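Q: heads up, no residue letters with this:
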C-alpha cells in the first residue's frame, strides 16, 4: 500500500540537500590548469608528466576532461511513492534539474539507464548512488534502513534525496542482504515493478563486516568477537558494542563460524546471490532485444548489461583480517570466471577496486583510535602483547603488517562520491570496451584519471600502484607532497612489493 509519509520526508530532505550542494559548489574551486613547462615535452611524454594542482597526476590530462563544473541550474525535485509488496518497504523519488556541483559530469550521459546499487545507505554505496545520479541515471538503492534510527544515522531516504539533488532518479528499497527471502522478494517482486523493462547494471557493494573488523582490529583472526547486531556495515545496521565478558572485561571469542558469516556473508555470499539474479535479468533482456556495437539496442536504446563487484586490494595482500581477504578474493574470482560465460550473452562482469576511501566509518574509526592515543595498528609504545593473544605491540597488527599510514592518508583518500563518479564513467563505456574489460580488475583512480574525474573538492586521488602511494606507505610524512610523482608503476614491478602469494607445490 502507499507510504505517503515517505514522500513528504523525502521531499524536504531533497530540498535541503539541494541547497547544501549549491552552497558547497560556490565554496570549492576547480583544479588548476597544467603548468606551462609541460608543453615543452613531446606529445607522448606530455601525457606522462602532465600535472594538476596536486602535483604529478593525470597522464591523460592532455585529453579534454569529461567532468567539469557545470553551469548553474535551479533544482526542482519532485516525489512519488511506489507500491510496496509484503515484507519490503519501498518509496520512489525523482528529480529533474540539479544545482551545480564541482566535478559533476556534463549533461546526463546515463539518462534513461537503470542501475541497482546494494548497500547504499552510507559509505561507498551512497557515493556510487549519488555519482550515478549526477550522470542522470535511475538508481535503485538497497539497504536495511529506510529512515535513520538515530540522528545522522544511515538511511535510504536521505540517500534518495541526495540522488535527486544531484539530478538523478531514486527508488529506495529496504532489503536485508543477510536474508535470502528478502533478496528474493526484491529481485522477484519489487524490481519488476520499478524497472519493468529490466536493468542496465548492478553494483554489488553491500558489505556487512565493518563493525566486526573495526571492533577486533587488535585481536588475531582466531580470537575475534561478533558485535551484538551481527556485524552491520554498508548493507546493514551500525555495529553494536559487541558481546561483553562476564567480568566486564574483553568479550570472549565468538564461535568461528559466526565470525566468518559476520565478515563475508553479505559481501561474498550476498554478492553472488545478487549477481545471479542480475545475470538472469540482463541475459533475458539481451536475448530479447540484442544491441549494436555502441551498446544500444532496439528495446529503447538500452545499454550492455554490467555487473560490478566492489573488490579491494585486500584480495592480494593482508588487510584487516584473513577472512576479509577471502571475501574479496571470492568476488574477484566470481568476476573472472563468471565473465567468461556472460560475455557471450552480451553482459560484462568485472571487479572494481577503490583505493583508501574516506567513508563515515573509516573517518570515525581512525579518529576514535587517534583520540585514545593509538591507531588502528595497535597500542603505541606499550611493548606488550595485544589483546586476544599474540602480537608484539609496537604499533603492528597481529598479522604483522604495519598499516599505520591509513590515518594519515585519509586527507588524500578517495571520497565515496569520487568512486561513484568513476563508476559513472565506466558504465558509460561503449559495449565493445565493456566486454573487453569483462573478467578483469579495474582501479577507480585509474578509470578516473583516464577521464579527468575529480572529487567534490576538485582533487584527483592517486592509484594504488602510483609512485606517490608507495612513497606514502613507506614514509607517511610525505603523503600528498606535490613533488612526489604520481606515475603508475607497471604491475610486474608492483608485484615485487606485494607479500608472497599462495605457493603451488
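A: Nice, thanks for sending it over. Note that the structure is a prediction, hence the values are computed from the model and not measured.

Q: where along the stretch 301-450 of the chain do the strands fall?
A: With strands called from DSSP state E, counting those that start in this stretch, the stretch 301-450 of the chain shows them at 305-310, 347-353, 441-443.

Q: can you redo those strands as a markdown table with distance to residue 489, mean neighbour count and mean pLDDT?
A: To be clear about C-beta, it is placed using only N, CA and C from the backbone, and glycine gets the same treatment. Shown next, in a markdown table, are the strands of the stretch 301-450 of the chain (distance: least, C-beta to C-beta, whole Å; neighbours: other C-beta atoms under 10 Å; pLDDT from 0 to 100):
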| stretch | distance to residue 489 | mean neighbour count | mean pLDDT |
| --- | --- | --- | --- |
| strand 305-310 | 23 | 27 | 96 |
| strand 347-353 | 15 | 26 | 96 |
| strand 441-443 | 12 | 19 | 95 |
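
Q: May I see the ones you listed organised as TSV, with distance to residue 416 added?
A: Converted to TSV, the strands of the stretch 301-450 of the chain look like this (distance: least, C-beta to C-beta, whole Å):
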stretch	distance to residue 416
strand 305-310	11
strand 347-353	13
strand 441-443	16
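
Q: To residue 139, which of those lies closest?
A: strand 305-310 (13.3 Å; C-beta to C-beta).

Q: With residue 259 as the reference, measure out to residue 215.
A: 11 Å (C-beta to C-beta, to the nearest Å).

Q: Please compare the two by neighbour count and tell me which comes out ahead.
A: The neighbour comparison of residue 215 against residue 259 (other C-beta atoms under 10 Å) goes to residue 259, with 23 against 20.

Q: ok, that one - contacts?
A: 212, 224, 225, 226, 253, 323 (C-beta atoms under 8 Å, 6 or more residues apart in numbering).

Q: again, only using 10 Å
A: 209, 212, 216, 221-226, 231, 253, 321, 323 (C-beta atoms under 10 Å, 6 or more residues apart in numbering).

Q: Is it possible to mark the buried ones in those?
A: Listed as buried from the contacts of residue 259 are 209, 212, 216, 221, 223, 224, 225, 226, 231, 253, 321, 323; burial here means 16 or more other C-beta atoms under 10 Å.

Q: The third one against residue 210, yeah?
A: What it means is residue 216. No - look at residue 216 against residue 210 with C-beta atoms under 10 Å: they stay out of range, at 11.2 Å.

Q: shared neighbours of those two, anything?
A: Joint contacts of residue 216 and residue 210 (C-beta under 10 Å, 6+ apart) are 227, 262, 263, 320.

Q: what comes up buried for the helix or strand hosting the second one?
A: In the assignment (DSSP states H and E), residue 262 maps to helix 256-264. Of the residues in helix 256-264, those buried under the neighbour-count criterion (16+ other C-beta under 10 Å) are 258, 259, 260, 261, 262, 263, 264.

Q: Can I get these in CSV including distance to residue 504 and pLDDT?
A: Formatted as CSV, the buried residues of helix 256-264 follow (distance: C-beta to C-beta, whole Å; pLDDT from 0 to 100):
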residue, distance to residue 504, pLDDT
258, 32, 94
259, 29, 94
260, 25, 95
261, 30, 94
262, 31, 93
263, 27, 93
264, 24, 93
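
Q: Do I have it right that residue 264 meets residue 320?
A: No - in this structure, residue 264 is not within contact of residue 320 by C-beta under 10 Å, at 11.7 Å.

Q: got any residues that touch both of these two?
A: With C-beta under 10 Å, 6+ apart as the test, residue 264 and residue 320 both reach 209, 212, 328.

Q: Kindly calculate the angle that the next helix or strand after the helix holding residue 262 makes with strand 347-353.
A: Later in the chain than helix 256-264, the nearest helix or strand by DSSP H and E is helix 270-289. With axes from the mean of the first three to the mean of the last three C-alpha atoms, to 10 degrees applied, the angle from helix 270-289 to strand 347-353 works out at 150 degrees.

Q: Which elements pack onto helix 270-289?
A: When contacts are defined as 3 or more C-beta pairs under 10 Å, 6 or more residues apart in numbering; DSSP states H and E, helix 270-289 packs onto strand 114-117, helix 180-185, helix 191-194, strand 201-204, strand 305-310, helix 322-342, strand 347-353.

Q: mind checking which of these is nearest residue 156?
A: Nearest to residue 156, of the helices and strands packed on helix 270-289 and by C-beta to C-beta, is strand 114-117 at 10.6 Å.

Q: which strands and helices sit next to the closest one?
A: Under the contact rule (3+ C-beta pairs under 10 Å, 6+ apart), strand 114-117 is packed against helix 123-134, strand 138-143, strand 169-174, helix 191-194, strand 201-204, helix 270-289, strand 305-310, helix 416-427.

Q: Would you mind checking the average pLDDT for the third one?
A: If I follow you right, that is strand 169-174. Over the span of strand 169-174, the pLDDT mean works out to 96.

Q: Next, work out how far apart the closest residue to residue 133 other than its chain neighbours and residue 159 are.
A: With C-beta to C-beta, 6 or more residues apart in numbering as the criterion, residue 133 has its nearest non-adjacent residue at 2.5 Å, and that residue is residue 168. Distance check for residue 168 against residue 159: by C-beta to C-beta, it reads 11 Å.

Q: and for the two, which residues touch both?
A: 93, 129, 130, 133, 139.

Q: Out of the residues you listed, give me the two with the largest separation.
A: Largest pairwise distance in those, by C-beta to C-beta, is 12.6 Å, between 93 and 130.

Q: any shared contact partners between the two?
A: Contacts common to residue 93 and residue 130, judged by C-beta under 10 Å, 6+ apart, are 139, 141, 159, 162, 163, 164, 165, 168, 170.

Q: Which elements pack onto the helix or strand harbouring the fifth one?
A: In other words, residue 163. Using DSSP H and E, the element containing residue 163 is helix 156-166. When contacts are defined as 3+ C-beta pairs under 10 Å, 6+ apart, helix 156-166 sits against helix 4-27, strand 78-80, strand 92-94, helix 123-134, strand 138-143, strand 169-174, helix 416-427.

Q: Output the helices and strands packed on strand 114-117 in JSON lines; the columns should cover distance to residue 447.
A: Formatted as JSON lines, the helices and strands packed on strand 114-117 follow (distance: least, C-beta to C-beta, whole Å):
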{"stretch": "helix 123-134", "distance to residue 447": "12"}
{"stretch": "strand 138-143", "distance to residue 447": "19"}
{"stretch": "strand 169-174", "distance to residue 447": "23"}
{"stretch": "helix 191-194", "distance to residue 447": "27"}
{"stretch": "strand 201-204", "distance to residue 447": "14"}
{"stretch": "helix 270-289", "distance to residue 447": "20"}
{"stretch": "strand 305-310", "distance to residue 447": "11"}
{"stretch": "helix 416-427", "distance to residue 447": "5"}
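
Q: show me what contacts the residue nearest to residue 202 when sequence neighbours are not counted?
A: Distances taken as C-beta to C-beta, 6+ apart put residue 278 closest to residue 202, at 3.9 Å, once the chain neighbours are dropped. By C-beta under 10 Å, 6+ apart, the contact list for residue 278 reads 116, 118, 187, 191, 198-199, 201-204, 305-307, 342, 347, 349.

Q: Residue 278 and residue 101, how far apart?
A: 29 Å.

Q: Kindly report the same for residue 346.
A: 33 Å.
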